[in-house]
Each structure stands twice: as structure tokens, then as C-alpha cells.
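[1] Structure for the following, please:
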Amino acid sequence: MVLLVAGPAWRRRHPAAWWLCVGFPAAALRVVRTWRPLMAACGLAQSRKAALAVVSGLVTSGGPPPNPRVPGRGRTHPKAGGFWFLVRLLPGQVPEDFVKAAPAMAHDWEMHAVRVTTERPGVVRVSATFADPLRHPSVPRQRDPGRLLRVVVGVLESGGAWAIDLRQVPHWLVVGATRSGKSTLINALVSGLAPQRVALVGIDCKGGMELSLFGQRLSALATDRAEAIRLLNALVRMARERMEHCRSAGVRTLWGLPEEERPVPVVVIVDEIAELFLVANRMEKDDAQSVATALVRLAQLGAALGIFLIVAGQRVGSDLGPGVTALRSQLGGRVCHRVTDSGTAEMALGDLHRDALHAAQSIAPDVPGTAVLACGGGWERARSHLVSEREAQAIANEYRHLTPDLPQLHDDTP
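    I've put the predicted structure just below:
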């Protein structure tokens with residue numbers, strides 16, 4: 001009786017203690033009680049005899065096999081706001097079978113979400129969360145510049161800090177509809193990069209409405225497609241010059257040069273990429289091809305030469321032309337906020353993690369800043385810190401004295 005009365009207040013004031021003492025034991029008991037029938041209902045149970053499996057399939061017309069054998073489940077371990085355990089797959093099963101069953105697991109165990117990932121061959125990890133950890137992220141925003149080209153922009157669903165490290169993943173694609181949090185993420189990136197000794201370059205073909213706020217911290221800004229082509233060509237020339245420098249110094253990358261000889265890293269932020277690729281006539285088609293060629297060259301060469309790309313847009317689809325698809329293949333980091341069309345989510349995540357598409361398309365409008373983050377071997381839900389335009393602009397102005405002068409970016413030489 002005391003627990004029923006005091007439980008809600010305890011949960012609000014001390015959620016971690018409530019989960020360990022009350023929530024987790026109850027959830028672990030539900031897992032034990034429902035595991036066998038749940039596996040059978042999801043088609044993950046197998047008959048103990050192969051011949052019996054054939055007969056049972058004829059007799060039961062697709063129902064669960066009699067006396068089924070279910071996948072082996074390990075001990076349930078608590079974690080902050082949830083739990084996890086390992087499952088050994090039965091012969092013939094693949095991790096995708098358990099990914100499809102994740103919504104049923106969440107429903108039966110009364111959890112917010114269940115996620116299934118591969119632990120090692122033949123074993124999957126089942127992780128469950130009691131409530132959405134991204135609704136009230138607890139990781140504080142960090143203003144410390146920290147490591148060069150690394151910015152903490154938010155919090156991961158696992159509870160850790162969401163850091164974008166351009167030294168590890170040099171090029172990123174960021175997509176999201178209006179008011180989904182895409183601009184807030186760019187604000188967070190600029191706020192984190194502004195105190196560092198890097199050059200920021202902007203391409204904003206909406207007349208500079210977004211990136212001109214950071215004008216005092218930008219070494220160059222293009223506000224239409226013609227300016228963008230000139231700026232991108234200048235960046236390609238810069239890449240070639242840096243390549244010659246590295247070759248003459250006998251090193252393979254910019255980072256092999258002595259610090260006093262190392263050119264400043266350049267981060268290129270492209271906002272609303274679709275404006276660069278939309279065409280209405282033959283001349284615009286040639287311009288779009290020039291943009292695509294320059295961006296792909298920068299993506300291919302930039303990581304080793306200290307030139308990094310952040311490409312953002314509300315809509316990024318294959319209908320914009322083959323140049324977008326070619327560029328997408330060079331952008332190893334992906335961030336997909338709430339989008340209004342499946343093609344954009346497909347472009348951002350489809351070639352890396354098919355199972356992340358459903359998570360991205362399930363983002364609710366009332367949690368702006370929430371996104372699916374994918375790079376390389378895995379994906380995770382994350383939420384960026386709320387950095388307003390005014391705050392980001394103030395930080396950019398505060399560090400305007402760090403803006404490098406790069407005259408080669410203003411050279412009109414073809």
C-alpha cells in the first residue's frame with residue numbers, strides 16, 4: 001500500500017533508484033513469463049524434430065510447433081532506464097528475424113522501445129528502454145573546444161554524449177524537414193567549431209538567410225549557385241595545392257606535416273543542397289553537374305587534406321540527379337531528422353542500415369532535434385542540444401578573431 005501511494009512521487013524525484021528497485025524487477029519478471037509464448041507467436045520457435053516440424057506445419061497451418069524449442073536467452077542486466085540481455089539464435093535464424101519482432105517485445109514487456117543488434121555471429125543483443133531518454137536529455141552542453149574538429153552536439157539514446165568528430169568521420173549528410181532540428185544541429189556545430197582554429201566556409205543558396213548569421217566567423221560565403229561554383233572550384237584548387245605540399249614533404253596526409261607548416265583545416269557547410277541541383281534549363285543542368293563534380297572531388301580528397309563537408313537539406317532524393325547519389329556515397333556520416341518524404345530518408349540511411357529507416361520515419365513532430373545517426377557499423381537515435389540562432393550568432397561573433405584569411409577562396413581564376 002505504501003509503495004502504491006509513494007511510488008509515483010519516488011519515480012519523479014529519483015527515477016534511477018525507482019527503476020532499479022521497482023521498475024527493473026517487474027520488467028525482468030515479465031520477460032521471463034512471456035519469453036516462450038512470445039517467441040512462438042513471433043515465429044521464432046522451432047520444433048525439436050525436423051520431421052515433426054513438417055507434419056505440424058501441415059496440421060496447424062502455420063501455428064506454433066508443438067513442444068517448441070525457443071532461442072536461448074541470457075541473464076537480464078539492468079541499465080539506466082532499461083535492460084539488456086543476449087540471445088543465441090537457433091539454426092536457420094538471422095538477426096533480422098528478431099528485429100522484426102522488436103515491436104511485439106516492447107508491447108508485451110510494456111517498454112518504450114526494444115532494439116536488436118548483432119553482438120557476434122549467432123548471438124544478438126536485445127536492449128529495452130522504459131521511457132524515451134531523448135525527451136529530456138541530461139548531458140550538459142560543453143563549450144570547451146576539446147579535441148580539434150570534434151564537437152559535442154547533443155546526447156545519444158544510450159545516454160552518452162553525441163559528438164561529431166570530423167577526424168574520424170570527415171564528411172556528413174544532414175537531412176530534415178522544416179522545424180525538425182536540422183538548423184539547430186548546424187547551430188550546435190558552428191558554436192562548437194567557432195572557438196577552434198579552423199576555417200568555416202558556407203554555401204547557402206537561399207540568399208544566405210541561414211549561414212549569413214555567422215558571417216564574421218566565415219572565411220567565405222556563397223549565396224547563389226554561380227558564387228557556389230566559383231567557391232567550390234577554389235576549394236578544389238586549394239586541395240590540389242595541399243596535395244602538392246604533402247607530396248613535396250614526403251607525407252601522405254595533411255596531418256603528417258609539422259604543426260607549424262600545416263595549413264588550417266577547412267569545414268565547408270552546405271545548406272539546402274537541393275538548391276544547387278534543381279535545374280530548369282540546359283545551362284542550369286551544366287551548372288548542377290559542375291557543382292556535383294566539385295563536391296565529389298572534395299569528398300574524395302578532402303579527408304587527407306584537411307577539407308571537410310557538412311551537407312544539409314530538407315529534401316535530398318535521387319530525383320535531383322545522379323550527382324546527388326554519387327555525392328551521397330562519399331558522405332560516410334548520416335543524420336536523418338523527421339522528414340516529409342520517404343525518398344529523403346532512403347537517401348540518407350538506405351544504403352547503410354535498412355532497419356534505421358523505420359526509426360527515422362517514426363520520429364514525432366513534438367521532439368525537434370531528435371534524429372537517427374548512422375556512420376559505418378551501426379546506428380543510434382540521438383537528440384541535439386537546443387542552440388538558438390541568436391546564441392550561435394553570438395558565439396560566432398565572439399570568436400571572429402580566429403577567422404583565417406584565405407585569399408585563394410576569393411580568386412576568380414578558373
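
[2] So which residue is dead centre in the chain?
    When the chain is reduced to its mean C-alpha position, the closest residue under Cα atoms, centre = their mean turns out to be Leu373, at 1.6 Å.

[3] Please report how far that residue lies from Ser183.
    With distances defined as Cβ to Cβ, to the nearest Å, the gap from Leu373 to Ser183 amounts to 17 Å. The way it works is simple: take the backbone N, C-alpha and C, and place the C-beta from them, glycine included.

[4] How about Ala274?
    Counting by Cβ to Cβ, the gap from Ala274 to Ser183 is 15 Å.

[5] repeat for Arg150
    Computed with Cβ to Cβ, the distance linking Arg150 and Ser183 is 21 Å.

[6] mind listing what Leu254 touches?
    By Cβ atoms under 8 Å, 6 or more residues apart in numbering, the contact list for Leu254 reads Arg242, Cys246, Arg262, Pro263, Pro265, Ala304, Leu305, Gly306.

[7] Dump these into a markdown table; add distance to Gly160 as well.
    Compiled in a markdown table, the contacts of Leu254 are given as follows (distance: Cβ to Cβ, whole Å):
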| residue | distance to Gly160 |
| --- | --- |
| Arg242 | 34 |
| Cys246 | 35 |
| Arg262 | 31 |
| Pro263 | 33 |
| Pro265 | 25 |
| Ala304 | 29 |
| Leu305 | 31 |
| Gly306 | 27 |
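
[8] So which of those residues wins on neighbours?
    Gly306 (26 neighbours; other Cβ atoms under 10 Å).

[9] What are the neighbouring residues in contact with that one?
    With Cβ under 8 Å, 6+ apart as the criterion, the residues that contact Gly306 are Arg242, Leu254, Trp255, Arg262, Pro263, Val264, Pro265, Val266.

[10] For Ala326, which residues are in contact?
    Residues in contact with Ala326 (Cβ under 8 Å, 6+ apart) are Ala292, Val296.

[11] Quick check on it: phi, psi?
    Torsion angles at Ala326 (phi, psi; degrees, to the nearest 10) stand at phi -60, psi -40.

[12] Can you check the pLDDT for it?
    What the model reports for Ala326 is a pLDDT of 89.

[13] And it, how far from Thr293?
    To Thr293, Ala326 is 9 Å away according to Cβ to Cβ.

[14] same question, Gly250
    When distances are taken as Cβ to Cβ, Gly250 and Thr293 turn out to be 30 Å apart.

[15] ok, those two, which is more surrounded?
    Each of Gly250 and Thr293 has its neighbours counted (other Cβ under 10 Å); Thr293 has more, 16 against 8.

[16] What is the subsequent helix or strand relative to the helix or strand of the chain with the lowest mean pLDDT?
    Within the chain, confidence by mean pLDDT, DSSP states H and E is lowest for helix 50-60 among all helices and strands, at a mean of 48. Helices and strands here follow DSSP states H and E; after helix 50-60, the next one along the chain is strand 68-69.

[17] one step back: could you list which of the contacts of Gly306 belong to strands?
    Counting by DSSP state E, the contacts of Gly306 place Val266 in strands.

[18] Just put the contacts of Gly306 in JSON lines and tack on pLDDT.
    Below are the contacts of Gly306 laid out as JSON lines (pLDDT from 0 to 100):
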{"residue": "Arg242", "pLDDT": "95"}
{"residue": "Leu254", "pLDDT": "92"}
{"residue": "Trp255", "pLDDT": "92"}
{"residue": "Arg262", "pLDDT": "93"}
{"residue": "Pro263", "pLDDT": "95"}
{"residue": "Val264", "pLDDT": "96"}
{"residue": "Pro265", "pLDDT": "96"}
{"residue": "Val266", "pLDDT": "97"}
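
[19] In helices only, show me the contacts of Gly306.
    Here DSSP state H is the test, and the contacts of Gly306 give Arg242 as lying in helices.

[20] Tell me where the stretch 251-400 of the chain has helices.
    With helices called from DSSP state H, counting those that start in this stretch, the stretch 251-400 of the chain shows them at 274-277, 282-305, 322-328, 342-349, 356-361, 389-398.

[21] ok but Leu86 is inside a helix, no?
    No. Read with DSSP: H, G, I helix; E, B strand; the rest coil, Leu86 is strand and lies in no helix.

[22] Specify the beta-bridge partners of it.
    For Leu86, the beta-bridge partners are Arg125 (DSSP bridges).

[23] So Ala274 and Ser183 - more neighbours on which side?
    In this view Ala274 and Ser183 are compared by other Cβ under 10 Å, and Ser183 has more residues nearby, 20 against 16.

[24] Leaving out sequence neighbours, find the closest residue to that one.
    Nearest residue to Ser183, sequence neighbours excluded (Cβ to Cβ, 6 or more residues apart in numbering): Glu210, at 6.5 Å.

[25] Pretty sure the one you found sits against Thr184.
    No. In this structure, Glu210 is not within contact of Thr184 by Cβ atoms under 8 Å, at 11.5 Å.

[26] These two: which is more packed in?
    Applying other Cβ under 10 Å to Glu210 and Thr184 shows that Thr184 carries more neighbours, namely 24 against 19.

[27] what's the distance between the more buried one and Ser127?
    Separation of Thr184 from Ser127 (Cβ to Cβ) stands at 27 Å.

[28] same thing with Leu89?
    Applying Cβ to Cβ, the value for Leu89 to Ser127 is 16 Å.

[29] What are the boundaries of the helices in the stretch 51-200 of the chain?
    95-109, 182-193.

[30] any chance of those in a markdown table, plus mean pLDDT and distance to Asp287?
    Formatted as a markdown table, the entries for the helices of the stretch 51-200 of the chain read as follows, by pLDDT from 0 to 100; distance: least, Cβ to Cβ, whole Å:
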| stretch | mean pLDDT | distance to Asp287 |
| --- | --- | --- |
| helix 95-109 | 91 | 43 |
| helix 182-193 | 94 | 24 |
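
[31] Deepest in the core, which of those is it.
    helix 182-193 (a mean of 25; mean count of other Cβ atoms under 10 Å).

[32] thinking again about what came up before, among the contacts of Leu254, find me the one that's closest to Ala16.
    The shortest separation between Ala16 and any of the contacts of Leu254 is 40.0 Å, and it belongs to Pro265 (by Cβ to Cβ).
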